[in-house]
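Pasting the sequence and the predicted model now:
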Amino acid sequence: MIHIQNLHLSLPGFALKDINLDIETGDFFALIGPTGAGKSLILEAMLGMLPMDSGRILLEDRDITSVVPEKRGLGIVYQDYALFPHLNVRKNILYGIKYHNLDPNQVAEQFDFLVHQLGIAKLLHRYPGTLSGGEKQRVALARALILRPSALLLDEPLSALDPVLKEEIKDLLRTIHQELSMTIIMVSHSFSDVFYLANKVAILKDGRIRQQGSVNDVFEHPNSRFTAGFVGMRNILRAGIRDNRGLVEKLAITLPPGADSSGKYLAIRPEDICPLTSGHNGFENTFSGTITHIAHQGFYFDIWMTIEGVKFQAVWDKNYVLEHDIRPGKELEVGFYADKVRVLGQ
């Protein structure tokens, strides 16, 4: 388990403030947030690469706040891999061994296991400059894991990869997490990567944690307008709440039972606004809307519409949009469930 307690860290023009995280052994924990929110700085503070103003970091109940980086028991893979260009793959993987008091037999056993698991046996005599991005990523993972760290830190490990390699490395990270029961903390900008890999997540903004919890809870139950917008709830509407209904101009939206009557905003995910189809029923909210414009996004369409003068955004399947000739100016019935509406106070 990793405890980060009241971490404060100041840099010119930026600071991490009141960072508190509890990362359970075996978690795959994701740090997400806008660019410049301080995500990578948390990793560097955990590694001991940046001096903290105050706070503590505990690893398995061991206070590592003042421990030198190489003695903390943490491994890291950087976005740019940080491989040594003058060393071949074998020497890159084994580079850190000389700084640790490890049993040579265990090192050899771990080396063979990782080389096989990561599929890099044929690369051992090559140099980083001759490797693809995916191959570099595998070598960087081997170099971090050879030291048997208590936790593995990943700083945007997938951002530099093409789509095919990205899927391969995602599968690889999932396998490492499951088969090694490895605690992993990952900085990411990709929601799909977070959903695929992580079980816990924290959202940062301006050096502060705005919300943390299970991936499902944070994405489905945001605690503010900022977190709602950040996790993709593109419909955020100022509303007055009365008799379990949210009043947005002339539009009355049925809310889930027991909705907070003091709330000021409603948030609805675009994928939860659905076109009504024959035989479909059960939506507590059904309205007639007019399509204003659409945008082709590959396998789906972004759809913008107005309902009683209120603007909404939806996400609909490509085949449905094409088969039903969805286009600007078209009127159609849409609906969404009351329990998909989130009531926010700020």
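Received, thanks.

Centre of the chain to stretch 116-134, how far?
28 Å (CA atoms, centre = their mean, to the nearest Å).

contacting residues around A140?
By CB atoms under 8 Å, 6 or more residues apart in numbering, the residues touching A140 are 77-78, 81-83. Heads up, the C-betas are built off the backbone N, CA and C, glycines and all.

Highest neighbour count among the residues you listed?
V77 (25 neighbours; other CB atoms under 10 Å).

For V334, see how far away D162 is.
From D162 over to V334 the distance is 37 Å, taken as CB to CB, to the nearest Å.

The two: which has the busier surroundings?
V334 (21 against 10).

who does that one bridge with?
P275, F287 (DSSP bridges).

any idea how far it is from G129?
Look at V334 and G129: by CB to CB, they are 54 Å apart.

that older thread, now tabulate the contacts of A140 in TSV and tack on distance to R174, pLDDT and secondary structure.
Converted to TSV, these look like this (distance: CB to CB, whole Å; pLDDT from 0 to 100; DSSP: H, G, I helix; E, B strand; the rest coil):
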residue	distance to R174	pLDDT	secondary structure
V77	15	92	strand
Y78	20	89	coil
Y81	20	87	coil
A82	23	88	coil
L83	23	93	coil
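
Return the member of those residues nearest to L255.
Using CB to CB, V77 comes nearest to L255 of those, at 44.3 Å.

Give me the phi and psi angles of the nearest residue to the closest one once chain neighbours are set aside.
Residue nearest to V77 in three dimensions, not counting chain neighbours: A140, with 4.6 Å by CB to CB, 6 or more residues apart in numbering. Backbone geometry at A140, expressed as degrees, to the nearest 10, gives phi -60, psi -40.

didn't I241 look like it was pressed against A259?
Yes - counting by CB atoms under 8 Å, I241 touches A259, with 6.6 Å between them.

Mind listing the shared neighbours of the two?
Counting by CB under 8 Å, 6+ apart, the contacts common to I241 and A259 are V343.

need the contact list for W304.
Counting by CB under 8 Å, 6+ apart, W304 has contacts 291-294, 311-314.

What are the neighbouring residues in contact with the closest residue to L47 other than its chain neighbours?
Distances taken as CB to CB, 6+ apart place P69 nearest to L47, at 5.3 Å, with adjacent residues excluded. For P69, the contact set (CB under 8 Å, 6+ apart) comprises 47-49.

can you pick the most crowded of the residues you listed?
That'd be G48 among the contacts of P69, by other CB under 10 Å, with 19 neighbours.

can you give me the end-to-end distance of stretch 227-235?
Start and end residues of stretch 227-235 are separated by 13 Å (CA to CA, to the nearest Å).

average pLDDT for it?
Across stretch 227-235, the average pLDDT comes to 95.

buried set for it?
The neighbour-count check on stretch 227-235 (16 or more other CB atoms under 10 Å) flags 227-228, 230-231, 233-235 as buried.

now do stretch 197-210
197-198, 200-205, 207, 209-210.

State the distance spanning the first to the last residue of it.
End-to-end distance for stretch 197-210: 21 Å, by CA to CA.

got it, and stretch 330-346?
First residue to last in stretch 330-346 (CA to CA) measures 34 Å.

chain center to that stretch: distance?
Centroid separation between stretch 330-346 and its chain, computed with CA atoms, centre = their mean, is 25 Å.

tell me the mean pLDDT over stretch 189-207?
Per-region confidence: stretch 189-207 scores 96 on mean pLDDT.

Distance across that stretch, terminal residue to terminal residue?
16 Å.

Give me the number of neighbouring residues for the residue nearest to A202 when sequence neighbours are not counted.
Spatially, and ignoring its direct neighbours in sequence, A202 is nearest to Q212 (3.8 Å; CB to CB, 6+ apart). A count of nearby residues for Q212, using other CB under 10 Å, gives 18.

again, but for K136
Neighbours around K136, by other CB under 10 Å: 22.

Next up, phi/psi of it, please.
According to degrees, to the nearest 10, K136 has phi -60, psi -40.

All the strands of the stretch 51-200 of the chain, in order from the start?
54-59, 62-63, 74-77, 151-155, 183-187, 200-205 (DSSP state E, counting those that start in this stretch).

what stretches of the stretch 201-346 of the chain score poorly on pLDDT?
Residues of the stretch 201-346 of the chain that meet the criterion pLDDT under 70 lie in 279-281.

got the strands of the stretch 51-200 of the chain as JSON lines, with distance to P222 columns?
Below are the strands of the stretch 51-200 of the chain laid out as JSON lines (distance: least, CB to CB, whole Å):
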{"stretch": "strand 54-59", "distance to P222": "26"}
{"stretch": "strand 62-63", "distance to P222": "34"}
{"stretch": "strand 74-77", "distance to P222": "30"}
{"stretch": "strand 151-155", "distance to P222": "24"}
{"stretch": "strand 183-187", "distance to P222": "20"}
{"stretch": "strand 200-205", "distance to P222": "8"}
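
Y99 is nearest to which of these?
Closest among those, once you apply CB to CB, is strand 74-77, at 12.5 Å.

Columns distance to D112 on top of the buried residues of stretch 197-210, output as JSON lines?
Listed next are those as JSON lines, based on distance: CB to CB, whole Å:
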{"residue": "L197", "distance to D112": "26"}
{"residue": "A198", "distance to D112": "30"}
{"residue": "K200", "distance to D112": "32"}
{"residue": "V201", "distance to D112": "35"}
{"residue": "A202", "distance to D112": "36"}
{"residue": "I203", "distance to D112": "40"}
{"residue": "L204", "distance to D112": "39"}
{"residue": "K205", "distance to D112": "44"}
{"residue": "G207", "distance to D112": "43"}
{"residue": "I209", "distance to D112": "40"}
{"residue": "R210", "distance to D112": "44"}
